[in-house]
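J.: Need a 3D model of the sequence below.
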Amino acid sequence: MAEHHLTDANQQRYHYTIGPYAEPVLSVKPGDTVIAETLDAFEGKIISEDTMPSTVLEFPYLNPQTGPIYVEGAEKGDALAVHIQAIEPRGPQPRGTTCLVPHFGGLTSTGTTATLQDPLPEIVRKVDVTEDGVVWSERIILPYEPFIGTIGTAPQIDSIASITPDSHGGNMDLPDVGPGCTLYLPVQAEGALLYLGDGHAVQGDGEVCGVAIEFATRTTMTLDLVKGWTLSWPRLENEQFIMSIGSARPMEDAARVAYADLVHWMVDSHGFDQWEAYMLLTQIGKVRLGNMVDPNYTVGASIAKRYLPAH
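T.: From the prediction side, this is the model:
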């Protein structure tokens with residue numbers, strides 16, 4: 001199978017919506033590998049700890065997306081399988097950026113959770129990122145646990161802001177979308193039209209202040225098709241578990257979407273009775289909170305593969 005390199009030079013223009021209207025920057029066959037360069041969520045504009053986000057960022061121009069990538073033969077009703085093999089840091093040190101942004105995050109007043117609180121202070125932290133670790137301070141070295149924060153296929157007709165997660169994927173901020181996983185995304189438009197960006201070197205559950213360790217990446221992935229596998233929501237698997245992913249507000253609705261879809265997956269693909277699956281997940285299901293800060297919140301519901309019958 002072919003290997004393709006999608007660099008800053010041939011991308012040229014990055015996208016702030018995920019939809020069916022942008023011209024593909026690359027066309028691949030199922031089974032091909034793509035090595036894609038992505039920008040950080042701020043398009044590299046926060047260059048130092050003295051750079052205030054409010055002076056260089058303009059909402060909604062956040063989360064620049066690489067792509068779209070056209071996958072030959074992909075049509076509505078298929079699933080796109082994204083096998084993530086590696087995520088490498090790139091760019092000069094300090095490569096990583098986190099910050100506090102006024103009226104953004106999980107523990108502050110926002111535009112949709114309005115209170116009379118004063119806005120958060122603007123504080124920027126730049127950190128060195130290597131594959132050996134993330135240097136938070138002389139005392140604290142964080143693990144390098146990279147993942148793609150925003151990845152999705154084009155909806156059938158809508159063009160959705162790259163900061164918003166929904167049934168197409170998007171800004172899920174789910175730490176499991178990293179090396180060793182296969183992410184399954186619904187195909188709604190011809191060619192699937194895959195977008196990705198918003199790499200995170202590490203992030204805790206919930207991305208509570210709204211900004212992980214943001215960094216530019218070189219992401220290696222193989223793209224495949226599952227013909228005729230019609231998905232309502234993204235799904236993911238790795239060596240340990242299968243996971244369904246829901247994005248909604250309030251947060252409990254995101255959890256309901258994820259758990260309901262996981263029940264359907266267990267019934268349709270693994271031979272469970274619906275009510276047995278429902279009761280079993282009550283005992284051993286796991287929930288991962290991707291984000292609690294975006295226009296929709298993201299929750300992943302999973303079951304360990306050891307509980308699934310062999311197929």
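
J.: Can you classify Asp198 by secondary structure?
T.: Look at Asp198: counting by DSSP: H, G, I helix; E, B strand; the rest coil, its state is strand.

J.: Would you check that it makes contact with Asn171?
T.: Yes: here Asp198 reaches Asn171: they are 6.6 Å apart, a contact under CB atoms under 8 Å. Backbone N, C-alpha and C define where each C-beta goes, glycine included.

J.: Show me whatever sits in contact with both of these two.
T.: Here Asp198 and Asn171 share the contacting residues 63, 149-150, 162, scored by CB atoms under 8 Å, 6 or more residues apart in numbering.

J.: coming back round to it: which of Asp198 and Asn171 has more residues huddled nearby?
T.: Asn171 (32 against 29; other CB atoms under 10 Å).

J.: tell me how far the ends of stretch 186-193 are from each other?
T.: 11 Å (CA to CA, to the nearest Å).

J.: Other residues contacting that stretch?
T.: Taking CB under 8 Å, 6+ apart as the rule, stretch 186-193 contacts 19-20, 22, 24, 27, 67-72, 74-80, 153-156, 167-168, 185, 225, 230-234.

J.: Average pLDDT for it, rounded please.
T.: What stretch 186-193 shows for mean pLDDT is 98.

J.: re the thing from before, of the shared contacts of Asp198 and Asn171, which belong to strands?
T.: 149-150 (DSSP state E).

J.: could the shared contacts of Asp198 and Asn171 be laid out in CSV, adding neighbour count and distance to Met279?
T.: CSV is the format used below for the shared contacts of Asp198 and Asn171 (neighbours: other CB atoms under 10 Å; distance: CB to CB, whole Å):
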residue, neighbour count, distance to Met279
Asn63, 29, 39
Gly149, 29, 34
Thr150, 29, 35
Ser162, 28, 38
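
J.: Determine which two of the shared contacts of Asp198 and Asn171 are furthest apart.
T.: Among the shared contacts of Asp198 and Asn171, the pair separated by the greatest distance (CB to CB) is Gly149 and Ser162, at 9.9 Å.

J.: list the contacts for the residue in the chain sticking out farthest from the centre?
T.: Centroid-distance maximum for the chain: Leu116 at 31.8 Å, with CA atoms, centre = their mean. Taking CB under 8 Å, 6+ apart as the contact definition, Leu116 lies against Ser109.

J.: does it count as helix, strand or coil?
T.: coil.

J.: Next, find the distance separating it from His103.
T.: Leu116 sits 12 Å away from His103, going by CB to CB, to the nearest Å.

J.: ditto for Arg306
T.: Counting by CB to CB, the gap from Arg306 to His103 is 44 Å.

J.: Also Arg249?
T.: Taken as CB to CB, the span from Arg249 to His103 is 17 Å.

J.: Tell me which of these two has more neighbours.
T.: His103 (16 against 13).

J.: residues touching that one, list them.
T.: Here His103 is in contact with 109-111, 119-120 (CB under 8 Å, 6+ apart).

J.: closest to Gly271 among these?
T.: Thr110 (43.9 Å).

J.: List only those of the contacts of stretch 186-193 flagged as buried.
T.: Neighbour counting with 16 or more other CB atoms under 10 Å marks 19-20, 22, 67-71, 74, 78-80, 153-155, 167-168, 185, 225, 231, 233-234 as buried within the contacts of stretch 186-193.

J.: where along the stretch 51-200 of the chain do the strands fall?
T.: Along the stretch 51-200 of the chain, the segments classed as strands by DSSP state E, counting those that start in this stretch run 66-71, 79-89, 96-100, 123-130, 133-135, 141-142, 147-153, 160-161, 169-170, 182-186, 194-200.

J.: Okay, now the sheet partners of the longest one, with direction.
T.: Read it as strand 79-89. According to DSSP bridges, strand 79-89 has the following sheet partners: strand 182-186 (antiparallel), strand 217-226 (antiparallel).

J.: right, so these: which one is the most enclosed?
T.: strand 182-186 (a mean of 24; mean count of other CB atoms under 10 Å).

J.: what's the angle from it to strand 147-153?
T.: 30 degrees (axes from the mean of the first three to the mean of the last three CA atoms, to 10 degrees).
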